[in-house]
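Q: Just to be clear, the model below is a prediction. Sequence and coordinates:
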Amino acid sequence: MSDIKTLGEFIVDNQHDFPHASGELSSLLGSIKLAAKIVNREINKAGLVDITGAAGVENIQGEVQQKLDVYANNKFKAALAARDQVCGVASEEEDDLVAFTNENNLNAKYVVLMDPLDGSSNIDVNVSVGTIFSIYRRVSPVGTPATKADFLQPGNRQVAAGYIIYGSSTMLVYSTGNGVHGFTYDPSLGVFCLSHESLQIPTDGKIYSINEGNYIRFPNGVKKYIKYCQENVPEDNRPYTSRYIGSLVSDFHRNLLKGGIYLYPSTASHPQGKLRLLYECNPMAFLIEQAGGKASDGRRRILDIEPTELHQRVPFFVGSSEMVDKVEAFLEQYPDRV
Ligand code: AHG
Ligand code: MN
Ligand code: MN
């Protein structure tokens, strides 16, 4: 029994690692943990109750919102507002930032950006989905409502980031800038237990994850990289294995543990790619760098991109550092679009 370390215990034990440690970030992570348990409970019984399927509305990005997108968004928002550490949130499912206006929230130091349910189009067919979160210190004065500038910070300013994967087991994986740690949910105890301390991604791998159905629309460098992955070079472990779940959290999680690369390049229909910089790419980039990997838009470090819009999209290449280096080299060598 004494071997088990819960997420709550781990956060308290490591609180001294946080800059300006005062327990507030620990409390904030506690809110995320609580919302994750509630969302996990709903997802587990999603086939039994009327909570799968479309909610009948689109979000600002023109995507059909699933009922569980709306549910997860509301639960995370409520959990974050209920404690006094967060002055506002931005979310895939909210058109604009949400500034919390009660006095305790106005005095809070942090903002949270989130993708409340990632891979939600998979939910009806019982495939793993996730939640992604990213935490910054505000730049606007404490005591005032959160502003856009609090959210439009480059990823290298994140104080913490993480995800929850609602998979065959549910896990919470996070970093506060001192390594990446994973906790597996024990539903019988209702606690997340430390199961993967100080995760490191292998520097090279043999899994590539991309929606190859879009091949014809990819930039030339990406097409060449895919052909490279498929070449028969046994001494270099090629051909690689192709694995694509269609749920960033799940694809990322597998590649983090096994070594590999996830690619969502620009396409003819999505010239900036599909994934959102602030609440999908930045938190994953923060985690992968903490785990010894690399995240790039094909040229630049994701974490150094200065954001201009809450829902801005960016091409995304993330995973084992040598694999991301290789894609960048192909994109440089073949800069033409087709
Ligand atoms: P979301 O469900 O939050 O909108 O994100 C879906 C994203 C990501 O999870 C996944 O990797 C990607 O969309 C899949 O896109 P394609 O279906 O175009 O491959
Ligand atoms: Mn997503
Ligand atoms: Mn989503």
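A: All right, it came through fine. Numbers count the residues shown, from 1 in each chain. Ligands and ions are numbered 1, 2, ... in the order given.
Q: got the contact list for S269?
A: R217 (Cβ atoms under 8 Å, 6 or more residues apart in numbering). Backbone N, C-alpha and C define where each C-beta goes, glycine included.
Q: need the residues of the stretch 201-338 of the chain near ligand 1, please.
A: N211, G246, S247, L248, K274 (Cβ under 6 Å from any ligand atom).
Q: so which helix or strand takes in the last one?
A: Using DSSP states H and E, K274 falls within no helix or strand.
Q: wait, isn't it in contact with Q312?
A: No. Using Cβ atoms under 8 Å, K274 is not in contact with Q312, being 11.8 Å away.
Q: quick one, which of these two is more surrounded?
A: Using other Cβ atoms under 10 Å as the criterion, K274 and Q312 rank with K274 on top: 20 against 14.
Q: distance of the residue of the stretch 151-300 of the chain found nearest ligand 2 from G167?
A: Ligand 2 sits closest to E280 of the stretch 151-300 of the chain, with a gap of 5.1 Å, by Cβ to the ion. The gap separating E280 from G167 is 18 Å, by Cβ to Cβ, to the nearest Å.
Q: Same drill for those two, tell me which one is more crowded.
A: E280 (27 against 18).
Q: What is the three-state secondary structure of that one?
A: Classification of E280 using DSSP: H, G, I helix; E, B strand; the rest coil returns helix.
Q: check contacts around it.
A: Residues in contact with E280 (Cβ under 8 Å, 6+ apart) are E92, D115, D118, I132, L248, F316.
Q: Which of the helices or strands spans the fourth one?
A: Going back to what we said before, that points to I132. Assigned by DSSP H and E, I132 belongs to strand 129-137.
Q: still on that earlier bit, same list, the contacts of E280, but only the ones touching ligand 2.
A: D115, D118 (Cβ under 5 Å from the ion).
Q: Same list, the contacts of E280, but as CSV with pLDDT, secondary structure and neighbour count please.
A: Compiled in CSV, the contacts of E280 are given as follows (pLDDT from 0 to 100; DSSP: H, G, I helix; E, B strand; the rest coil; neighbours: other Cβ atoms under 10 Å):
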residue, pLDDT, secondary structure, neighbour count
E92, 97, coil, 25
D115, 98, strand, 29
D118, 97, strand, 28
I132, 98, strand, 27
L248, 98, helix, 25
F316, 98, strand, 25
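Q: Check the contacts of E280 and tell me the two furthest apart.
A: E92 and F316 (14.9 Å; Cβ to Cβ).
Q: measure the residue lying closest to H181 once chain neighbours are set aside to F286 for me?
A: In space, and not counting its chain neighbours, H181 is closest to E197: 5.5 Å by Cβ to Cβ, 6 or more residues apart in numbering. Distance of E197 to F286, computed by Cβ to Cβ: 18 Å.
Q: So what pairs up with the residue of the stretch 1-150 of the chain found nearest ligand 2 in the strands?
A: With Cβ to the ion as the measure, D118 is the residue of the stretch 1-150 of the chain nearest to ligand 2, at 3.5 Å. With beta bridges defined as DSSP bridges, D118 has these partners: G130.
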